[in-house]
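Visitor: My questions concern the predicted model and sequence given below.
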Amino acid sequence: MDNIESIQKNIRNYIMVFGALAILTVITVGASYLQVGVVSAIVIAVIIATVKGSLVASIFMHLLSEKKFIYILLGVTALLFLVLMFVTLFTVNDQVGIHVS
Amino acid sequence: MQIPYTVEPRPDTGLHNAKIGIWLFLASEVMLFGGLFSAYVLLRTGSIVWPEGSSILSVPIGTFNTMALIASSVTMVLSWAALKINNLSKFKMYMFLTYFLGLVFLIVKVVFEYLPKFEHHLYPSESTFLAIYFTLTGLHALHVLGGVIVNIYFWGPGSKMWETEPERFTNRVEVAGLYWHFVDLVWIFLFPVLYLL
């Protein structure tokens, strides 16, 4: 088992991350009221969500100090996830050849 | 027959089996939610008009539920940390808070979001936005429900293992925690995508 001192240090980190996540949630909601274009709003929201997600994954899920096997597994998953997200771009080609009279 | 590598790490991976198992499961979950997010992007970019989430959904309720899930994530990791410092009573307190906040999330979701929508005849069949909203949040809510059931088990009868195999029980709670944090992680992306954009 990890020593008690390091666990207690981690507990302080967990509380700080909770504070950061709460503040970032408020910022996310506040940013949605900014008068910006749709693309800018999406970029801002995704960036904040990514920062929040990274905090949860790295601190709460202990991904900052995991074994190599987990990193390899998550690397493959991330790659396949990106394929899944961008595969829809191929639908752009569906519109090629469509003529609007 | 004794299940191998429940406490000691496997020599080849350096991990106990439950941890490998949960990460493989979470990888499949990434693909499940990833597929639905991809469907959302396709539906949204392919539609001529798309409603602003805040015109249909309640941002204050969504924000409240986001806070509840984030708080439950921190109590979950604190419950695991309590076991690491051999404090079962603290574990029980934090685990209680974790599933309580999970239940709060579900009750708010059903009572203050789904039911009023149904009362106003806003069903998944009403629009593409509502179809993807109910699919994504419904699937997520089922995941929360599953996590709550597992957490109640570890808080209650499952905690008896602490007396005989404390390290194995700690590993089980860690694995349940990884799942719970993943559920929180999914909501962190669902909330802005559905409610704010």
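Guide: Looks like it arrived, so ask away. Numbers count the residues shown, from 1 in each chain, chains lettered A, B, ... in the order given.

Visitor: Let me see the confidence value for the residue nearest to the spatial centre of chain A.
Guide: In chain A, the residue lying closest to the centroid (CA atoms, centre = their mean) is A:T50, at 2.8 Å. For A:T50, the pLDDT comes out at 96.

Visitor: try A:I42
Guide: For A:I42, pLDDT reads 87.

Visitor: Whichever strand or helix holds it near chain B anywhere?
Guide: Per DSSP states H and E, A:I42 falls inside helix A:38-55. Yes - for helix A:38-55, a contact with chain B is found by CB under 8 Å from any CB of the partner chain, at A:38, A:41-42, A:45-46, A:48-49, A:52-53. In this view, the C-beta of every residue, glycine as well, is placed from N, C-alpha and C.

Visitor: packing partners for the helix or strand hosting B:M76?
Guide: Assigned by DSSP H and E, B:M76 falls within helix B:59-84. For helix B:59-84, the packing partners by 3 or more CB pairs under 8 Å, 6 or more residues apart in numbering or on different chains; DSSP states H and E come out as helix A:4-32, helix B:88-107, helix B:166-191.

Visitor: Quick one: work out the angle between the longest one and helix A:38-55.
Guide: Our comparison of helix A:4-32 with helix A:38-55, counting by axes from the mean of the first three to the mean of the last three CA atoms, to 10 degrees, yields an angle of 170 degrees.

Visitor: now helix A:4-32 against helix B:166-191, angle please.
Guide: Using the same axes, to 10 degrees: helix A:4-32 against helix B:166-191 is 10 degrees.

Visitor: so how far is helix A:4-32 off the chain centroid?
Guide: Put simply, helix A:4-32 sits 15 Å off its chain's centre (CA atoms, centre = their mean, to the nearest Å).

Visitor: can you list contacts of stretch A:31-50?
Guide: Residues outside stretch A:31-50 that contact it (CB atoms under 8 Å, 6 or more residues apart in numbering or on different chains) are A:24, A:27-28, B:54, B:59, B:188-189, B:191-193, B:196-197.

Visitor: And the furthest pair within the residues you listed?
Guide: Largest separation among the contacts of stretch A:31-50 by CB to CB: A:L24 and B:S54, giving 18.5 Å.

Visitor: Wait, B:W23 touches A:V76, no?
Guide: No - B:W23 lies out of contact with A:V76 (CB atoms under 8 Å); the separation is 11.3 Å.

Visitor: Among the two, which residue is more densely surrounded?
Guide: Using other CB atoms under 10 Å in any protein chain shown, the more surrounded residue of B:W23 and A:V76 is B:W23, with 22 against 11.

Visitor: Next, see if the one helix or strand in chain B whose mean pLDDT sits lowest gets close to chain A.
Guide: One helix or strand of chain B scores below all others by mean pLDDT, DSSP states H and E: helix B:53-56, with a mean of 91. Yes - using CB under 8 Å from any CB, helix B:53-56 reaches chain A at B:S54.
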